[in-house]
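Enquirer: Provided below for reference: sequence and predicted model.
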Amino acid sequence: MPAARRPRDRFVTVHGLRLRYRDWGGDGHPLLALHGAVAHAHWWDPVAPHLARRFRVLALDWRGHGRSAWPRPPAYRSQDFAAELAGVIDALGLRDVVVAGHSMGGHNAMAFSAWYPDRLARLVVVDARPHVNYERLRALHRRAPRPPTDFPSLAAALARFRLRPPETTASPALLREIGRAGVVRLPSGRWRYRFDPACEQTRMPVDCWALLPRITSPTLVVRGEHSTILDRDVAERMVKTLPSATLAEIPGAHHHVTFDDPRALADTIGTWAR
């Protein structure tokens, strides 16, 4: 990534939760970058310096992820994520916001755009589908509650780090960097992932197909050419269902588009939003 651009980590309190966001600066309209499940704001690190040439880029850690607080009792419905996003926009006094979400972040962004249409100017959905895999969701909910897993060393924690799905063209160095940003050393000297396991066990996403016609903001749907998450026929159906939408495909990329070709993703968003 370009060496000249360095973010500042900042915090904002919304609905009693302290949330971290990475402020990359930049000129132009604000762009809120949203990561996927079991991830964190650093997922946008490869893309943000390029986007910051056109936007003021703010990458958020969702509740229960990264350096943001964990809600207690757990609250991980689509409604909770959407209200949190509206609260961040209001607390920071943002106007004419571009909301860009990858994977779970894109799913949350679709719901947010339908429920809070006055809070954003444009929407970017990056390799996220409207429907929910309820079979997998029920399997996660059936699991017995588990405490966070601790590791005896940083190396042991990083050895467990995996992308889901695993396909990517990203370099091992980038993946190590992303993995390292997602763990924290505890006072005991052990290491833990910055993720609330209750999120997967209690998450309740809505099916966004019924919400798509309510999204009035111009929308860009982006998929990786080889994505196994957002099939091309589903992406085309999304564009037909949305009132004002454009489809773009990143050649050679898989689901983790922010890693596989960050420059192409940034250019695609910047050209569309011009």
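Expert: Nice, I can see it.
Enquirer: From now on I want contacts and neighbour counts done on CA atoms only, so please keep to that.
Expert: Will do.
Enquirer: Kindly confirm my reading that Val12 is in a strand.
Expert: Yes: counting by DSSP: H, G, I helix; E, B strand; the rest coil, Val12 is located in a strand.
Enquirer: Per-residue pLDDT of it, please?
Expert: Note on Val12: pLDDT of 98.
Enquirer: just checking, it touches Gly87?
Expert: No: Val12 is beyond contact range of Gly87, at 9.5 Å (criterion: CA atoms under 8 Å).
Enquirer: Please, where are all the strands along this structure?
Expert: With strands called from DSSP state E, the chain shows them at 8-14, 17-25, 30-34, 56-60, 98-102, 122-126, 150-151, 183-185, 191-193, 219-224, 245-250.
Enquirer: what packs against the first one?
Expert: Just to be clear, that refers to strand 8-14. Using 3 or more CA pairs under 8 Å, 6 or more residues apart in numbering; DSSP states H and E, the elements in contact with strand 8-14 are strand 17-25, helix 78-91.
Enquirer: In CSV, list the strands of the chain along with distance to Thr168 and mean neighbour count.
Expert: Below are the strands of the chain laid out as CSV (distance: least, CA to CA, whole Å; neighbours: other CA atoms under 10 Å):
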stretch, distance to Thr168, mean neighbour count
strand 8-14, 27, 15
strand 17-25, 24, 21
strand 30-34, 19, 27
strand 56-60, 21, 26
strand 98-102, 15, 26
strand 122-126, 15, 26
strand 150-151, 26, 18
strand 183-185, 21, 18
strand 191-193, 21, 22
strand 219-224, 10, 26
strand 245-250, 13, 18
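Enquirer: Out of these, flag the one nearest Glu135.
Expert: The minimum distance between Glu135 and these falls on strand 98-102, with 21.6 Å, by CA to CA.
Enquirer: ok and the closest one relative to strand 122-126, angle-wise?
Expert: Relative orientation of strand 98-102 and strand 122-126, computed by axes from the mean of the first three to the mean of the last three CA atoms, to 10 degrees: 10 degrees.
Enquirer: CA atoms only: put strand 98-102 into CSV for me.
Expert: Provided in CSV are the C-alpha atoms of strand 98-102 (Å, rounded to 0.1, in the frame of the first residue of the first chain):
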residue,chain,number,x,y,z
VAL,A,98,-20.8,6.4,0.7
VAL,A,99,-21.3,3.1,2.6
ALA,A,100,-19.2,0.2,1.3
GLY,A,101,-19.5,-3.2,2.9
HIS,A,102,-17.8,-6.5,2.2
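Enquirer: Neighbouring strands - and their directions - for it?
Expert: strand 30-34 (parallel), strand 122-126 (parallel) (DSSP bridges).
Enquirer: Adding mean pLDDT and distance to Arg143, write those strands out as a markdown table.
Expert: Converted to a markdown table, those look like this (pLDDT from 0 to 100; distance: least, CA to CA, whole Å):
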| stretch | mean pLDDT | distance to Arg143 |
| --- | --- | --- |
| strand 30-34 | 98 | 27 |
| strand 122-126 | 98 | 29 |
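Enquirer: Rebuild those strands as CSV, extending it with distance to Gly106.
Expert: Shown next, in CSV, are the strands paired with strand 98-102 (distance: least, CA to CA, whole Å):
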stretch, distance to Gly106
strand 30-34, 7
strand 122-126, 5
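Enquirer: To Pro187, which of these lies closest?
Expert: strand 30-34 (29.5 Å).
Enquirer: Quick check: closest non-adjacent residue to Pro165.
Expert: His255 (7.3 Å; CA to CA, 6 or more residues apart in numbering).
Enquirer: Count the neighbours of the one you found for me.
Expert: Counted with other CA atoms under 10 Å, residues neighbouring His255 total 26.
Enquirer: For it, list the residues it contacts.
Expert: For His255, the contact set (CA atoms under 8 Å, 6 or more residues apart in numbering) comprises Asp127, Pro165, Glu167, Thr168, Arg223, Gly224, His226, Ser227, Thr228, Ile229, Leu230.
Enquirer: Which other helices and strands does the worst-scoring helix or strand of the chain on mean pLDDT contact?
Expert: Least confident helix or strand of the chain, by mean pLDDT, DSSP states H and E, is helix 134-142 with a mean of 75. On a contact count with 3+ CA pairs under 8 Å, 6+ apart, helix 134-142 meets helix 197-202.
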